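Q: 3D model of this:
(one chain, ligands or ions: 2)
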Amino acid sequence: MTVRITPSILNADLANLATEVGRIPSADFIHIDVMDNHFVPNLTIGLPVVESLHRAVATPLDIHLMIADPDRWAPGFAEAGAESVTFHIEAAHAPVRLARELRAKGVRAGVALNPATPIEACATMLGEVDMVLLMTVEPGFGGQRFLDLVLPKISAVRKLVNAANLDVWIQVDGGVSVETVERCAEAGADTFVAGSAVYSADDPDAMVRRLAGLAAAGLARCRH
Ligand code: DX5
Ligand code: ZN
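A: Numbering: from 1, shown residues only. Ligands and ions are numbered 1, 2, ... in the order given. Alright, predicted model coming up:
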């Protein structure tokens, strides 16, 4: 299994986004948190910023939609040049149709679950997606504390993915740091969002590489 670090720019200097992305050349993707103040109590980046950033940077973009009605909005992010578009299962009206629509537009389709949402919510559609995002904080803000209660969910999704012989990435998002990344990888995660851990580090790129090293060590110990 391959480890991917997908840093979130939510806690970066948003007035200098392209420069901030340039500080982390080791990132595999740039994770962009789109919030609408309906699905989550915060308002962040929208489609025009994603379009501009796609033109300005070479790193692939991983869009995390924390919005109501992703059925309406997600395809537009695929057209804006994103490589991966993830919507929340709690918000989607027709998740299978939406995942198929995203894939038909040539992007990776991801489905996200809040901490309290059971994995059964997405278990039947694992064959329809390229990634499952398991939130390890309540979505809405960067810099929150990692929720250990999600670790068994990571293992459970990993078992389902392996049992079905699927190539579905398992992403964790929220409170991922040098303290928590190994546990996530040991449970079976292979794709790691880290926001404040990366952008509060003196050398953000060194932190990306350090997280990748720790995650690889954890994943090597994964028993599933
Ligand atoms: C939270 C966002 C996360 C957040 C991660 O709702 O989805 O991507 O930016 O930030 P940290 O790593 O600081 O928890
Ligand atoms: Zn996110």
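
Q: Count the neighbours of whichever residue of the chain sits closest to ligand 2 for me.
A: In the chain, the residue that lies nearest ligand 2 is residue 64 (3.7 Å; CB to the ion). Backbone N, C-alpha and C define where each C-beta goes, glycine included. For residue 64, the count of nearby residues is 26 (other CB atoms under 10 Å).

Q: which stretch of helix or strand covers it?
A: Secondary structure from DSSP states H and E places residue 64 in strand 61-66.

Q: Check which residues of that strand are buried.
A: Neighbour-count burial for strand 61-66, counted by 16 or more other CB atoms under 10 Å, picks out 61-66.

Q: by contact count, what packs against whichever strand or helix holds residue 77?
A: Using DSSP H and E, residue 77 falls within helix 70-79. Where contact means 3 or more CB pairs under 8 Å, 6 or more residues apart in numbering; DSSP states H and E, helix 70-79 is packed against helix 47-56, strand 61-66, strand 84-88, helix 95-104.

Q: tilt between the strand holding residue 64 and helix 47-56?
A: Here strand 61-66 runs at an angle of 170 degrees relative to helix 47-56 (axes from the mean of the first three to the mean of the last three CA atoms, to 10 degrees).

Q: Begin at 34 from now on, thanks
A: That works, and once the first residue is 34, the last one we named lands at strand 94-99.

Q: Direction included, what does strand 94-99 pair against?
A: Strands that pair with strand 94-99, judged by DSSP bridges, come out as strand 63-68 (parallel), strand 117-121 (parallel).

Q: which residues are contacting the shortest one?
A: Think strand 117-121. Residues outside strand 117-121 that contact it (CB atoms under 8 Å, 6 or more residues apart in numbering) are 62, 72, 93-100, 103, 107, 110-111, 128, 131, 135, 140-147, 163-164, 166, 172, 204.

Q: rewinding a little: for the helix holding residue 110, give the mean pLDDT please.
A: Averaging pLDDT along helix 103-112 gives 98.

Q: and if you look at stretch 212-226?
A: 98.

Q: picking that back up, closest to residue 239 out of the helices and strands packed on helix 103-112?
A: Residue 239 lies closest to strand 94-99 among the helices and strands packed on helix 103-112, at 21.1 Å (CB to CB).

Q: so how far is the closest one from its chain's centroid?
A: Mean-position distance between strand 94-99 and its chain equals 7 Å (CA atoms, centre = their mean, to the nearest Å).

Q: which residues in the protein form helices?
A: Per DSSP state H, the chain carries helices over the ranges 50-55, 80-89, 103-112, 128-137, 153-156, 184-196, 214-220, 229-232, 237-253.

Q: Can you lay out the ones you listed as a markdown table showing mean neighbour count and distance to ligand 1?
A: Formatted as a markdown table, those follow (neighbours: other CB atoms under 10 Å; distance: least, CB to the nearest ligand atom, whole Å):
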| stretch | mean neighbour count | distance to ligand 1 |
| --- | --- | --- |
| helix 50-55 | 16 | 13 |
| helix 80-89 | 15 | 15 |
| helix 103-112 | 19 | 14 |
| helix 128-137 | 18 | 18 |
| helix 153-156 | 15 | 17 |
| helix 184-196 | 18 | 16 |
| helix 214-220 | 23 | 10 |
| helix 229-232 | 23 | 3 |
| helix 237-253 | 19 | 10 |
